[in-house]
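J.: pasting the structure only:
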């Protein structure tokens, strides 16, 4: 696979807004991206649509071993292939915490912070009030602020801030230290200025106040415009929609092949004729508006390429990590958190979260949101680790094999799991059982009694 959106110290980007645009495009679903491209094609004369035949698939092969997976239990994932509900801001942040290495105490503090966010992602309650809520847990101000900083670095970055300045500064910090240092530093100085003056975007006045060149201020303002002043708003609930997978996984000649769905690949390019005319000089070449549109067209095409490469890279890393799932199903799902993939692809965890949100992958076992493959780690009695997804699958197997006349209680399921080396609390079993749609003991007993009565009658 080619390098994707790798933010490494030492790289330099002359146009930081291009990187910001690429990051923003990452979080769009295929339908949202299609709408954005449609608008760009209508407003930018330098963009044109490619014919379908001109765009080939983007793929990568992964070596595998083992038998061809059996297509068992399709009913488990049938509903997942039909529709994709929108995700709330609270659910999205909570999911990232579940997929992070974080202590139970910090998770509790983070839950209080997330519950206090408004629709735009800002704290709707004062920090003093939240500390009062946590008074029984003896949470210090420093401890609270450390967890809040962690929440602010989840995706969307900046949620949990107490004001616009803190929100924007947090978003600037997630950029790699080697990227456009001067531009970012100037942007940080601009954020410290009077916000009313900043909103006027008076380049000359700001340059005079900061003692720098107007061109530098203009670049820094462009960078600030690419940030999200209301980060929570990007997670506004979406209508349920039928899904089309962004990524396809198939097995060919003993190798798992991961490729982007060619039906969804963005088909836009720069119009070479118009681009050539701009390069030939004349009146058109000096037209500032046309020059800006040409540059924006180039940025968009490059950003789309970076989006494709990043999506493929992340999907490939996920498939490589969860190869056992492709061979054996949920029972073989390995524990995997955001940091595992972030380290594998050398990206920030928030970038991985963007890539896996509202992006779907079709496998021989069904279609899934990329988030599905992340699973928290549970300790085993042998000192190893297993995924919560695998434990759910094992729980389903135990219930399906139970005697209908004597169904298993949650405590009995916990005991049987412990015999298999997985020690979890009864309430955790109840949580997993509910998530699988398995009724509690009393309901299963009543259903068995009704079935027996019908059989006798």
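T.: Ah, there it is. Because the structure is predicted, anything quoted here is derived from the model rather than measured.
J.: Could you chop this structure up by domain?
T.: 16-86+240-373, 89-234, 377-456 (automatic domain parsing).
J.: weakest of the ones you listed by average pLDDT?
T.: For the domains of the chain, mean pLDDT drops lowest on domain 16-86+240-373, to a mean of 79.
J.: How about the contacts made by residue 212?
T.: residue 186 (C-beta atoms under 8 Å, 6 or more residues apart in numbering). From N, CA and C alone the C-beta is placed, and that goes for glycine too.
J.: count of residues packed around residue 173?
T.: With neighbours defined by other C-beta atoms under 10 Å, the count for residue 173 comes to 15.
J.: which residue ranges form the strands in this structure?
T.: 47-49, 59-63, 247-252, 255-260, 268-270, 360-363, 366-369, 377-379, 385-387 (DSSP state E).
J.: Just name the most buried of these.
T.: strand 360-363 (a mean of 22; mean count of other C-beta atoms under 10 Å).
J.: what sits against the closest residue to residue 340 other than its chain neighbours?
T.: The shortest distance from residue 340 to any residue other than its chain neighbours is 6.6 Å, reached at residue 321 (C-beta to C-beta, 6 or more residues apart in numbering). Shown in contact with residue 321 (C-beta under 8 Å, 6+ apart): 334, 336, 340, 341, 344, 373.
J.: Kindly report the same for residue 247.
T.: Applying C-beta under 8 Å, 6+ apart, the residues near residue 247 are 258, 259, 260, 261, 311, 312, 315, 359, 360, 361, 362, 370.
J.: hey, what's it bridged with?
T.: Taking DSSP bridges as the rule, residue 247 bridges to residue 260, residue 361.
J.: picking that back up, between the contacts of residue 247, which is nearest residue 273?
T.: Nearest to residue 273 among these is residue 260, at 28.2 Å by C-beta to C-beta.
J.: Tell me how far the closest one lies from residue 164.
T.: Using C-beta to C-beta, to the nearest Å, residue 260 is found at 37 Å from residue 164.
J.: How about residue 447?
T.: On the measure of C-beta to C-beta, residue 447 and residue 164 end up 55 Å apart.
J.: So for these two, which residue has more residues nearby?
T.: Neighbours per residue, other C-beta under 10 Å: of residue 447 and residue 164, the larger number sits with residue 164, 17 against 13.
J.: what's the closest non-adjacent residue to the more buried one?
T.: Residue 164 sits nearest to residue 229 (C-beta to C-beta, 6+ apart), 5.9 Å away.
J.: what's near enough to touch residue 148?
T.: Residue 148 touches 113, 127, 160, counting by C-beta under 8 Å, 6+ apart.
J.: Residue 212 and residue 188: what is the separation?
T.: In terms of C-beta to C-beta, residue 212 sits 13 Å off from residue 188.
J.: ok, now residue 373?
T.: 36 Å.
J.: ok, the two, which is more surrounded?
T.: When residue 373 and residue 188 are compared for neighbours, residue 373 comes out ahead with 22 against 17, by other C-beta under 10 Å.
J.: I'd guessed that one sits against residue 325; true?
T.: Yes: using C-beta atoms under 8 Å, residue 373 makes contact with residue 325 at a distance of 7.2 Å.
J.: Can you check which residues contact both of these two?
T.: Contacts common to residue 373 and residue 325, judged by C-beta under 8 Å, 6+ apart, are residue 333.
J.: Now do the contacts for residue 392.
T.: 330, 432, 435, 436.
J.: Quick one: neighbours of the first one, just the number.
T.: Residues contacting residue 330 under the criterion other C-beta under 10 Å number 21.
J.: Enumerate every residue touching it.
T.: 76, 389, 390, 392, 393.
J.: Let's have the residues you listed in TSV, adding distance to residue 102.
T.: Putting the contacts of residue 330 into TSV (distance: C-beta to C-beta, whole Å) gives the following:
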residue	distance to residue 102
76	29
389	19
390	21
392	21
393	25
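J.: Among those residues, name the buried ones.
T.: 389, 390, 392, 393 (16 or more other C-beta atoms under 10 Å).
J.: Which of the residues you listed sits closest to residue 277?
T.: Among the buried ones among the contacts of residue 330, and counting by C-beta to C-beta, the member closest to residue 277 is residue 389, at 55.7 Å.
J.: I'd assumed residue 375 was in contact with the closest one.
T.: Yes: counting by C-beta under 8 Å, residue 375 is a contact partner of residue 389 at 4.2 Å.
J.: Now do the shared contacts for those two.
T.: Common neighbours of residue 389 and residue 375 (C-beta under 8 Å, 6+ apart) are residue 333.
J.: Hmm, residue 140 and residue 134 touching each other?
T.: No: using C-beta under 8 Å, residue 134 is not in contact with residue 140; the gap is 9.6 Å.
J.: With neighbour numbers in mind, choose between these two.
T.: Ranked by neighbour count (other C-beta under 10 Å), residue 134 and residue 140 place residue 134 first, with 17 against 10.
J.: give me every residue that touches residue 325.
T.: Residue 325 neighbours (C-beta under 8 Å, 6+ apart): 332, 333, 334, 365, 373.
J.: Swap in 10 Å and give it another go.
T.: Residue 325 makes contact with 69, 318-319, 331-334, 363, 365, 368, 372-373, 375, 387, 389-390, 393, according to C-beta atoms under 10 Å, 6 or more residues apart in numbering.
J.: same question, residue 227
T.: Applying C-beta under 10 Å, 6+ apart, we find residue 227 in contact with 20, 24, 157-158, 164, 167-172, 187, 191.
J.: gap between the residue nearest to residue 340 and residue 315?
T.: 11 Å.
J.: same check, this time on residue 35
T.: Between residue 35 and residue 315 the computed distance is 23 Å (C-beta to C-beta).
J.: Show me which of the two is the more surrounded one.
T.: residue 315 (26 against 11).
J.: Would you confirm that the more buried one contacts residue 361?
T.: Yes: contact status for residue 315 versus residue 361: in contact at 6.1 Å, counting by C-beta atoms under 10 Å.
J.: Brilliant, that's me finished.
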